[in-house]
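**Student:** requesting a structural model of the entry that follows:
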Amino acid sequence: MLLMYLGTFSVNQTIERVMTTSLRISSCIVSLLLSFMIAPTCATAQIVYDWQDSKEGWVPASESNLGCNLIEQPEAMAMRAFNTTPVMRSGTVNESLGIDAGTYDRVQITLRNPTTSGNPNARLFAYAPETNAFMCHWNVPVDTEMEGFQTYTLDLTSPPNSGSGTFEGTVGRFGWRGPWGVANGDTIYWKQMVVYNSVGCTNADACNYAPYAEVDNGMCVLVGDSCDDGNDDTINDMITADCLCAGEVDDVQDAQPSLSIGMAPNPASMELWVTSSLALGRFRVLDAQGKVCLTEHSQSTSTAIDVSGWLPGTYLLETHLGGIPQVHRFIVHRP
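**Tutor:** Model prediction:
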């Protein structure tokens, strides 16, 4: 299958179909997730074509001078040559990987060449989108008369073959030519192709582990690492066992100040001093029958109410400290 593994901030591995191949994409959460995560970018993924019991969307070249037949087999895909330059491509001319040439720096190919061709150079082609004209190509020397599969690695930063062009811009497809000089009817067996970055996270326990990376980039994301889930209402954000960035809901609220009211003296005959923990704001006093005796608004935390002319009896002080209505009782008496 054609797999794409997240190289950096992926953290969660989602599967989806792309074109005619089984393309698995491990998506960035670093942005994912990892914009949520501790790294700033979502790194590139490896592209892996596994040709066991599958062509992975690869097709023979349509040009007659590049002819071959591709056959699915359990161990590898067989390329049966119709001439000395059989070529296969990673999809039809209407399909495109849509990747930048600078995204990857390595290609790893695993094949078996049982032929005795005298100049056994396989050739990797890169194509721009919507064309069968190659962008450039590289020769990859391979062995002959192989009894088993062998793996070879090509540095994509190395110059392409002289006169073949430059590796830049958007890459639509890759292609492979069988080792030079194979005869009509010869068969080459292709097992796997990996397009990857040589620099990445090399820690197998990391959420963004890059299995083909050769040099660690110091940006591994591990379970328990601090991160930012982008939610201001959570605290203690960290990478979970599912390689997601998640925090805890902050249940701690700002402590409400005490909404206390004090009245003295109570009973009162001349003045009643009212004190509070907050500015009093709007308040009023009602008598026992519910008649409003006083309505005031104060920005202070204390005020004096003149009750010297009020009839003796029970009164109710109504306040709204902090938006919360409260009722307090006091008594007016005559000594």
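**Student:** could you give the average pLDDT over stretch 275-285?
**Tutor:** Stretch 275-285 shows a mean pLDDT of 90.
**Student:** end to end on that stretch, go ahead and measure it.
**Tutor:** 15 Å (Cα to Cα, to the nearest Å).
**Student:** buried sites along it?
**Tutor:** For stretch 275-285, the neighbour count (16 or more other Cβ atoms under 10 Å) marks 276, 280-281, 283, 285 as buried. Where C-beta positions appear, they are placed from N, C-alpha and C, glycine not excepted.
**Student:** which strands or helices does the helix or strand in which residue 108 is found pack on?
**Tutor:** Per DSSP states H and E: residue 108 is located in strand 106-112. Judged by 3 or more Cβ pairs under 8 Å, 6 or more residues apart in numbering; DSSP states H and E, strand 106-112 is in contact with strand 121-127, strand 150-155, strand 187-196.
**Student:** out of those strands, nearest to residue 299?
**Tutor:** Smallest distance to residue 299 across the helices and strands packed on strand 106-112 (Cβ to Cβ): 69.0 Å, for strand 187-196.
**Student:** right, and the helix or strand after the closest one?
**Tutor:** Using DSSP H and E, the next helix or strand after strand 187-196 towards the C-terminus is strand 199-200.
**Student:** other SSEs contacting the helix or strand following that following strand?
**Tutor:** Reading on from strand 199-200 to the C-terminus, the next helix or strand found by DSSP H and E is strand 215-216. The contact analysis (3+ Cβ pairs under 8 Å, 6+ apart) places strand 215-216 against strand 199-200.
**Student:** quick one: mean pLDDT over the strand it packs on.
**Tutor:** Average pLDDT, strand 199-200: 90.
**Student:** among the buried residues of stretch 275-285, which one lies nearest to residue 116?
**Tutor:** For these, the nearest to residue 116 is residue 281 (98.8 Å; Cβ to Cβ).
**Student:** that closest one and residue 296 touch, don't they?
**Tutor:** No: judged on Cβ atoms under 8 Å, residue 281 makes no contact with residue 296 at a distance of 9.7 Å.
**Student:** tell me how many other residues surround residue 137.
**Tutor:** For residue 137, the neighbour count with other Cβ atoms under 10 Å is 19.
**Student:** tell me which helix or strand it sits in.
**Tutor:** Residue 137 belongs to strand 134-141 when assigned by DSSP H and E.
**Student:** buried set for that strand?
**Tutor:** Buried-residue list, strand 134-141, by 16+ other Cβ under 10 Å: 134-140.
**Student:** can you pull out the low-pLDDT segments for the stretch 1-150 of the chain?
**Tutor:** Along the stretch 1-150 of the chain, the model assigns pLDDT under 70 to residues 1-45.
**Student:** and the strands in the stretch 151-300 of the chain?
**Tutor:** Listed in chain order, the strands of the stretch 151-300 of the chain (DSSP state E, counting those that start in this stretch) span residues 170-171, 173-177, 187-196, 199-200, 215-216, 234-239, 245-249, 261-264, 271-276, 281-287, 292-298.
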